[in-house]
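Participant: Here is my input; please provide its structure:
(one chain, ligands or ions: 2)
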Amino acid sequence: AVLILLGPPGAGKGTQARMLENEFGLVQLSTGDLLRAAVAAGTEAGKRAKAVMEAGELVSDDIVIAILRDRLAEPDCARGVILDGFPRTTVQAAALDELLAANGQKIDAAISLEVEDAAMVTRISGRYTCAGCGEGYHDTFKTPEQSGTCDKCGGTEFKRRADDNAETVASRLEAYHAQTAPLIAYYDDKDVLKRIDAMGEIDEIAQGLANIVKGAV
Ligand code: AP5
Ligand code: ZN
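Facilitator: Ligands and ions are numbered 1, 2, ... in the order given. Just a heads-up that it's a prediction; the model follows:
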């Protein structure tokens, strides 16, 4: 199966993709995570991407497409994938169509997480993740059961992203509206678009998404 999660920064794509990954045995492919790993590893692509990401702008299509293509070719992806944060431009969407066609695959659903811009700043500014396993948390909306200890791995170290500040969030939202929001119409035209209200509780949204996925794959 191939699923796409569309939505602005902070909509909950990563949170929901991780839940779907567990429930359906799919592989989460986040180009944001892949790019942050490239930056941390100091690869050529990472060096080119770093400043762009810190400014909240989109990394160039050629870099992102190459990273995604390599990851998609790894054997675990044959189980099926949830794309989180890709595609983000019409050029990336066309490249994905070509990559999938070459593998005899198709998109089962492109799910748009619909949220109000005003909620994004609160969600993003409270976000942090476990340094050990990557589980995502929020200061108010998703706290560990035992304060300071990760529910998933028991780790006690957490980190925050360099681009999760109010100024960068504003640029990320602007980039979303200008370059990514047009993909909603792109997938609607292909009859694979589903919409979900993503303003509610995390678990409630997860249930709605699971129902969409069951119907689509
Ligand atoms: P990326 O890593 O993709 O970031 P993003 O799209 O800005 O999305 P986020 O990770 O911020 O949000 P999310 O929707 O996953 O929300 P989350 O689940 O964490 O991209 C980063 C950068 O990399 C880009 O700016 C760009 O430079 C570059 N990049 C990446 N992909 C690219 C591409 N394809 N092309 C070009 N450049 C690319 O939730 C947020 C917080 O809210 C969490 O704390 C969570 O616990 C909480 N939360 C989640 N759901 C709810 C809820 N329902 N109610 C309350 N709180 C909630
Ligand atoms: Zn952890």
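Participant: ok, now which ones touch residue 217?
Facilitator: Counting by Cβ atoms under 8 Å, 6 or more residues apart in numbering, residue 217 makes contact with 1, 3, 24, 80, 108, 109. Any C-beta I mention is one placed from the backbone N, CA and C, and that applies to glycine too.
Participant: Could you identify which of those has the most neighbours?
Facilitator: Neighbour count (other Cβ atoms under 10 Å) singles out residue 3 as the most crowded of these, with 26 neighbours.
Participant: Would you mind giving the secondary structure of that one?
Facilitator: Applying DSSP: H, G, I helix; E, B strand; the rest coil to residue 3 yields a three-state assignment of strand.
Participant: just to revisit the earlier point, of the contacts of residue 217, closest to residue 65?
Facilitator: residue 3 (18.7 Å; Cβ to Cβ).
Participant: Just to check, that closest one is in contact with residue 108?
Facilitator: Yes. With contact defined as Cβ atoms under 8 Å, residue 3 reaches residue 108; the gap is 5.9 Å.
Participant: so residue 106 touches residue 80, yeah?
Facilitator: No. Using Cβ under 8 Å, residue 106 is not in contact with residue 80, being 11.8 Å away.
Participant: so what sits against both of those two?
Facilitator: Joint contacts of residue 106 and residue 80 (Cβ under 8 Å, 6+ apart) are residue 2.
Participant: tell me the pLDDT at residue 119?
Facilitator: Per-residue pLDDT puts residue 119 at 89.
Participant: a strand runs through it, doesn't it?
Facilitator: No. Using three-state DSSP, the assignment for residue 119 is helix, not a strand.
Participant: show me the contacts for the nearest residue to it once chain neighbours are set aside.
Facilitator: Once flanking residues are discounted, residue 119 sits nearest to residue 199: 6.5 Å by Cβ to Cβ, 6 or more residues apart in numbering. Contacts for residue 199 were tallied using Cβ under 8 Å, 6+ apart; they are 114, 115, 116, 119.
Participant: Turn the residues you listed into CSV, columns for neighbour count, distance to ligand 1 and secondary structure.
Facilitator: Shown next, in CSV, are the contacts of residue 199 (neighbours: other Cβ atoms under 10 Å; distance: Cβ to the nearest ligand atom, whole Å; DSSP: H, G, I helix; E, B strand; the rest coil):
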residue, neighbour count, distance to ligand 1, secondary structure
114, 15, 11, strand
115, 21, 8, coil
116, 9, 12, coil
119, 15, 8, helix
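Participant: what does this structure have sitting close to ligand 1?
Facilitator: Residues of the chain that fall close to ligand 1, judged by Cβ under 6 Å from any ligand atom: 7, 9-15, 31-32, 35, 52-53, 56-59, 64, 85-86, 88, 92, 123-124, 126-127, 136-138, 141-142, 172, 202, 205.
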